[in-house]
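1. prediction below, plus the sequence it came from.
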Protein chains: 2
Amino acid sequence: MTTTGRFTLPSEENFADKTKELAALWGADAIRNSDGTHLDEDVLSLGKKIYSAYFPTRAHNEWITLHMDETPQVYLLTQRVLAETDTVTIDLMATFYEEQLTPNYDADPARYWEVIDRTTGEIVDPERWRVDTATHTVTVEGAEPMHEYTVSFLAYIIWDPVEMYNHLTNDWGDKEHEIPFDIYHPATRQFVMDTFGKWLADNPQVDVVRFTTFFYQFTLIFDQKHREKVVDWFGCSCTVSPRALDDFEERYGYRLRPEDFVDGGCYNSAWRVPRKEQRDWIDFLSGFVRENVKVMADMAHEAGKEAMMFLGDQWIGTEPYKDGFDELGLDAVVGSIGDGTTTRMIADIPGVKYTEGRFLPYFFPDTFYEGNDPSIEARDNWRKARRAILRSPIARMGYGGYLSLAAKFPKFVESVEHIADEFRDIHERTGGEAAEGELEVAILNSWGRMRSWMAYTVAHALPNKQTYSYYGILEALSGMRVNVRFISFDDVLEHGVDDDIDVIITGGPVDTAYSGGDVWAREPRLAATLRAWVRGGGALVGVGEPSSQWWQGRFFQLADVLGVDQERYQTLSIDKYFPPVTPEHFITADVPVDGTTAAAWRDAGYRIPLSGCGGGQGIAPLGGIDFGEPVANTFPVSEDVTLIRADNGEVQLAVNEYGKGRGVYVSGLPYSAANARLLERILFHASRNEDRYAAFSSSNPECEVARFAKSGWCCVVNNTDRPQSTDVTLDGGRVEHVDLDDSGIAWFRI
Amino acid sequence: MTTTGRFTLPSEENFADKTKELAALWGADAIRNSDGTHLDEDVLSLGKKIYSAYFPTRAHNEWITLHMDETPQVYLLTQRVLAETDTVTIDLMATFYEEQLTPNYDADPARYWEVIDRTTGEIVDPERWRVDTATHTVTVEGAEPMHEYTVSFLAYIIWDPVEMYNHLTNDWGDKEHEIPFDIYHPATRQFVMDTFGKWLADNPQVDVVRFTTFFYQFTLIFDQKHREKVVDWFGCSCTVSPRALDDFEERYGYRLRPEDFVDGGCYNSAWRVPRKEQRDWIDFLSGFVRENVKVMADMAHEAGKEAMMFLGDQWIGTEPYKDGFDELGLDAVVGSIGDGTTTRMIADIPGVKYTEGRFLPYFFPDTFYEGNDPSIEARDNWRKARRAILRSPIARMGYGGYLSLAAKFPKFVESVEHIADEFRDIHERTGGEAAEGELEVAILNSWGRMRSWMAYTVAHALPNKQTYSYYGILEALSGMRVNVRFISFDDVLEHGVDDDIDVIITGGPVDTAYSGGDVWAREPRLAATLRAWVRGGGALVGVGEPSSQWWQGRFFQLADVLGVDQERYQTLSIDKYFPPVTPEHFITADVPVDGTTAAAWRDAGYRIPLSGCGGGQGIAPLGGIDFGEPVANTFPVSEDVTLIRADNGEVQLAVNEYGKGRGVYVSGLPYSAANARLLERILFHASRNEDRYAAFSSSNPECEVARFAKSGWCCVVNNTDRPQSTDVTLDGGRVEHVDLDDSGIAWFRI
């Protein structure tokens, strides 16, 4: 059964016949080129919609080499250099890659740079330092011996970071570097628009302009050893220019310092508690970016083409979740499907006609090589995305890379056929309806809606040691039978808690945008508002170090709600009494608490098939709860707290009755089926909706249920690569037993 | 071989004959009573020196019951109470034990108490609250709903905490409570002095007045369930009175608030970064305490008796390591030997004629019961103390409790005989000389000398989860062949680093007195001074979170010296590159790094006897390095750092070349033989004294060497309860192989 539509196929030169065959097999209705590939006439004439990648701000060295002061710029912070005497010389480029970056000596350093004594934090008077452009150094006189000094300097970005990455990774040797340009400069802006106009006229066959992307690359800086030095998928560092700084001053009434960008070396990471200067720059920048995105979208429309934006690379300043994105006239957004969270990041974007997911694996030799089975990654990627797609549909899917590579892997070709059919089948049955959420869940942090599905992230879909214990919350929610929104502390301060919210989840490490930093001490109304809401029947789930700030003898400012606080070595003289652990609880009914016993899992009554189409390889039992990186020295604030799990004298999971509502503390939640189930049960319990838990649930946590009220369907998906059995409870208590193939899906009429 | 002297024996009623026998066996030259025991005439006439415990501020209910406003007082902080409406009532005694504490309504609450909105930190105007003395409550009007309120109130301490502890623990039922009294009140002070004068006259047989202790108990507060609620061996909470507060204001020119004492519920723990108010009160209080200690010591001398102070219980305000202690005229200090650290805490006290250690176990039924072997604890206690005594001798030893109990355990009696003889033998060979230190080591923190051997402590000799990873530094040093001093950040700021110091050790958790808190941001000279010192050849060892304070983009302010910093979620976008681990290093030459392999230990060439006087029970191998509680997310600041041990993406041990000096980072150091050896090697390496390491060392880390230059002796001790073999390197490269019995000691002439 091959259906057709909703599928974008990459193609390339001299591959028309196979393209036609795979287009038919996978049901493609659109064909795209990739970075560096072109479509043959034969392919163009297949009658499919044609997507073409368009790169507005690179690949025109003929222009930019004549205007090298119009490349994008960045404020760089040098290494700290110890003054051994009263003179210290700082090598500007010692820790940067000189093929990517070069100091901007055109704009007066005395005005645009800063030398800082990092031992005192003082700015050194420009009278006391001088630049040597021959050696790329700054020498400071009258330095304080044994203090460390840095220079924050403007640098030109002279190699497009994406092309640079590909160049270095693929060892392209002396292939000419693509130099990026900054449309903040009127001449370059005019060049970009003129070039685009000409391209539109020259490419009548293109139906969809796939902007890859617009003007400003997220922060990606390499070091002197040509390795990644700074990477921030949300980073606005590479957006600065003397002209923009001057305009900002005029508009906002104050001048930004270099320090407002280099930020002591943090480069305004999204994990930092956002400061006014940082927010204002995002506001200023996105205003400018959006103005020009609209110009280009309008031009595409006038040429009879759709305008589609790629979510990535030079996406900075587009801010898809900031108010006004719907006014840009973009028809669509396409993004890379890394997991459930990144799927939702694409799918939930408001104000576009449709969204498209580019699935993994990318058809590149790093995956498509002799002996590897790329279908494994394809199915894994699909399973992760599918949970999220059921909750928030994307209209289209596609792949990227060299089709000729993929074509050599028949098992992969077959998997994609299966995935594409299933993708379309979901759409056809449900008519693009999002599955019903049983609860309304809000994620609360400093960024709120503007960073929907972007919280707890450094690089796109790349959790690491510092992030995975929090990122798992999003990944679990991305496919859970709840509706999710993102709200900010400012939202709560300005409007209180929306009436329809059942549960608020907040948390993160202290002094980050996710836990809130000093907002808790600055704005006591925040704690008061949340307390009132929980007390009146709301539910607050705190993860890690929620509401944390040392203030008035407490660390978790909502310790009274959550029932847990953290010992920060300030109250070591105070005895902490832990109530006994409650091993049997609604929250942990489905998952082994000790993290090890498959027996506990079996004893819990789940049917585990002993054979199946997995080929007798057996079924790995569900793992236990994994709390991730430990959060040290947490303790219950009273003996009335229900302690569900404690280890090494630390609380990992606790419930606290608070008026008519409840607080729940969890130390961390990496993503796993067991943890997702745990979180689901936490949400139902915290909001006192235990009686609604059974309807449309799966007894086996490896499977999840989605119901589509309008279209009258319900499905259960197997999130594993192994066969699973489960009992699905439908409405009215009807229970259906289902045996699912690996990655399987089953549908019921409701 | 039984020698005589330097030994204090406890005795009791009706035990004269056995007392005489044991006094002879153990070589006692002094006999003491204990709390609650009296000495018979027959014992008094044995011709031994007589010690008598004296309790200046309790056991006279006939006085204090007539002056119940002259008991010691304490500022208590109530539980936080949530205001549900604009009126909130706070039960003062809800979390306190009403038999220990009762609110002081005599001093005007409006003047002496504080009601605080803990959500805003604001003090509530006394006009807005009223006290109900019948219900022990405070009611606040005009409260902000959903804010938490506390009352800080003065309370009388109506049961002596030590007697209370014994009373509750031993279930003494309706035995009358001993009510303590506060000599700050002139009438009570006069009573105390008069009573002491009379006691001196009535007790001519007493040679030594053993003050147990003076006037103010360390903080020890029980809760409503009669359990320990606050314990702080250094706590000055139970020292306050309206009169003292008023005098303080007059003397220091400002008034202390209740908050200066309750400290948001931290009660001025010694772990807190000390504040001016806290320090001023210690200064004020110790001035008053010492004045009166001197009066009592003088009275004892006039009566022809020695004055000995017990280091514990009501020791607050005596401040043995604060300048001027030597002027009090005390002849001696006696303290409990918990381990090496507490031994040094007694032994190093300056300005007294001699010190005495009270060894464990105490002769109480909790240890001396049928089936238990108290000699095991006795030998363990002796081994821990012995290491320290070799480095810093105490002049006398003794035991406490009921001698009649101990007498029933012949193996214990024999062990004490052996210990006492060995104690005297050490003294006789060395003439009370302290063993030579090979290096000068300074512990650097906020308290410095004033808390010598008291750092990293909550309760005396009771390490816990939060403290043991740091306390191990002191315990290792207490018996190590180095000289140790304690210096403060203020010392460094005022005088720089003393010329003779080889190594400085600093560290602790962030925002504590041990890491320094905001001193690093407030006083940039501190970092500069330490950098200059290391750069010129000094050595800095940082443990845990040394020099930590988020400031100018760094967390460890001496990261450049130590080579390590900690990721606090602010620079997650910055790549961290770990250099390869260096498994073979001078520092780890003796100890298995992976913490598990006995094989590594054997491979390292140590001879492990397969049989010995341990009776074939075999020899437990030396454990590996134990870094204690993890310090999350540390990383090397450059790839030039020598990384010796990293785990889970965190640095546990690293060395950094810094000019002519070195920095060493260690994540934690619980006490063990392996860790003590590791620290010893760190100290020699950091200070570039590797060439001096061999002389007077033991090849086996379970054994340690002490050399006595003046008396020409050298000894090696076995710190374990198992036989050990070791090669001892003496001067000139001479090596002696030694087989030691469990707990053994061997002497060499040098």
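-> Noted; the coordinates are in hand.
2. from here on, contacts and neighbour counts on C-alpha atoms
-> Will do.
3. so A:T343 touches A:G357, yeah?
-> Yes: judged on CA atoms under 8 Å, A:T343 makes contact with A:G357 at a distance of 7.1 Å.
4. quick check, pLDDT for the closest residue to chain B within the stretch 651-750 of chain A.
-> Relative to chain B, the nearest point of the stretch 651-750 of chain A is A:G659 (9.9 Å; CA to the nearest CA). At A:G659, the model reports a pLDDT of 97.
5. setting aside sequence neighbours, what's the nearest residue to it?
-> A:R535 (4.4 Å; CA to CA, 6 or more residues apart in numbering or on different chains).
6. please name the residues that touch the residue of the stretch 351-500 of chain A found nearest chain B.
-> Nearest to chain B, among the residues of the stretch 351-500 of chain A, is A:V458, at 6.2 Å (CA to the nearest CA). Residues near A:V458 by CA atoms under 8 Å, 6 or more residues apart in numbering or on different chains: A:231-234, A:270, A:467, B:572-573.
7. could you do A:I337 as well?
-> So A:I337 contacts A:343, A:357-360, A:381, A:385 (CA under 8 Å, 6+ apart).
8. can you list the low-confidence ranges for chain A?
-> Within chain A, the stretches with pLDDT under 70 are A:1, A:35-36, A:592-621.
9. name the next helix or strand following the longest helix along it along the chain.
-> Longest helix in chain A, counting residues (DSSP state H): helix A:276-302. The element immediately downstream of helix A:276-302 (helix or strand, assigned by DSSP states H and E) is strand A:306-311.
10. by how many degrees do that next one and helix A:276-302 diverge?
-> 150 degrees (axes from the mean of the first three to the mean of the last three CA atoms, to 10 degrees).
11. strands paired with strand A:306-311, and their directions?
-> Within its sheet, strand A:306-311 is paired with strand A:208-211 (parallel), strand A:332-336 (parallel), according to DSSP bridges.
12. and the gap between the spatially most central residue of chain A and B:V651?
-> Compute the mean C-alpha point of chain A, and by CA atoms, centre = their mean the closest residue is A:M454, 3.7 Å away. Using CA to CA, to the nearest Å, one obtains 29 Å as the distance from A:M454 to B:V651.
13. thinking again about what came up before, buried stuff in the longest helix of chain A?
-> Using 16 or more other CA atoms under 10 Å in any protein chain shown as the test for burial, helix A:276-302 gives A:277-278, A:281-282, A:284-290, A:292-294, A:296-301.
14. which residues touch A:T57?
-> A:180-183, A:192, A:214-215.
15. wait, A:G472
-> Taking CA under 8 Å, 6+ apart, one finds A:669-672 in contact with A:G472.
16. neighbours around A:T37, how many?
-> By the measure other CA atoms under 10 Å in any protein chain shown, the count of residues near A:T37 is 16.
17. revised request: answer the last question for A:N372.
-> With neighbours defined by other CA under 10 Å, the count for A:N372 comes to 11.
18. so it lies in a strand, does it not?
-> No: applying DSSP: H, G, I helix; E, B strand; the rest coil, one finds A:N372 to be coil, outside a strand.
19. any idea how far B:F55 is from it?
-> Counting by CA to CA - A:N372 and B:F55 are separated by 82 Å.
20. try A:R210
-> Going from A:R210 to B:F55 by CA to CA gives 88 Å.
21. who's more crowded, the two?
-> For A:R210 versus B:F55, neighbours defined as other CA under 10 Å are more numerous around A:R210 (24 against 20).
22. which residues does the more buried one bridge with?
-> Judged by DSSP bridges, the bridge partners of A:R210 are A:A53, A:M308.
23. check contacts around it.
-> A:51-54, A:307-310.
24. can you list the residues you listed in TSV and add neighbour count?
-> As requested, the contacts of A:R210 are exported to TSV (neighbours: other CA atoms under 10 Å in any protein chain shown):
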residue	neighbour count
A:Y51	26
A:S52	23
A:A53	22
A:Y54	22
A:A307	24
A:M308	29
A:M309	27
A:F310	24
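25. that older thread, just checking, the residue nearest to the centre of chain A touches A:T343?
-> No: applying CA under 8 Å, one finds A:M454 not in contact with A:T343, separated by 10.9 Å.
26. number of residues surrounding the residue nearest to A:G659?
-> Neighbours of A:R535 under the rule other CA under 10 Å: 20.
27. same check, this time on A:K198
-> 11.
28. likewise for A:D117?
-> 22.
29. again with the one 3 residues further on
-> The tally of other residues near A:T120 (other CA under 10 Å) stands at 20.
30. how does chain A divide up, domain by domain?
-> For chain A, the structural domains run A:440-693, A:698-749, going by automatic domain parsing.
31. among these, which is the most enclosed?
-> domain A:440-693 (a mean of 21; mean count of other CA atoms under 10 Å in any protein chain shown).
32. between the two ends of it, how far is it?
-> Domain A:440-693 has an end-to-end distance of 14 Å (CA to CA).
33. got the residues of the stretch 251-400 of chain A near chain B?
-> By CA under 8 Å from any CA of the partner chain, the part of the stretch 251-400 of chain A that sits against chain B consists of A:263-267, A:269, A:271-272.
34. thinking again about what came up before, nearest to A:T133, of the contacts of A:G472?
-> Taking CA to CA as the measure, A:T133 lies nearest A:P670 of these, at 49.1 Å.
35. check for me that A:T195 belongs to a helix.
-> Yes: assigned with three-state DSSP, A:T195 falls within a helix.
36. ok, it - how many residues close by?
-> 14.
37. measure it to A:D202 for me?
-> According to CA to CA, A:T195 stands 10 Å off from A:D202.
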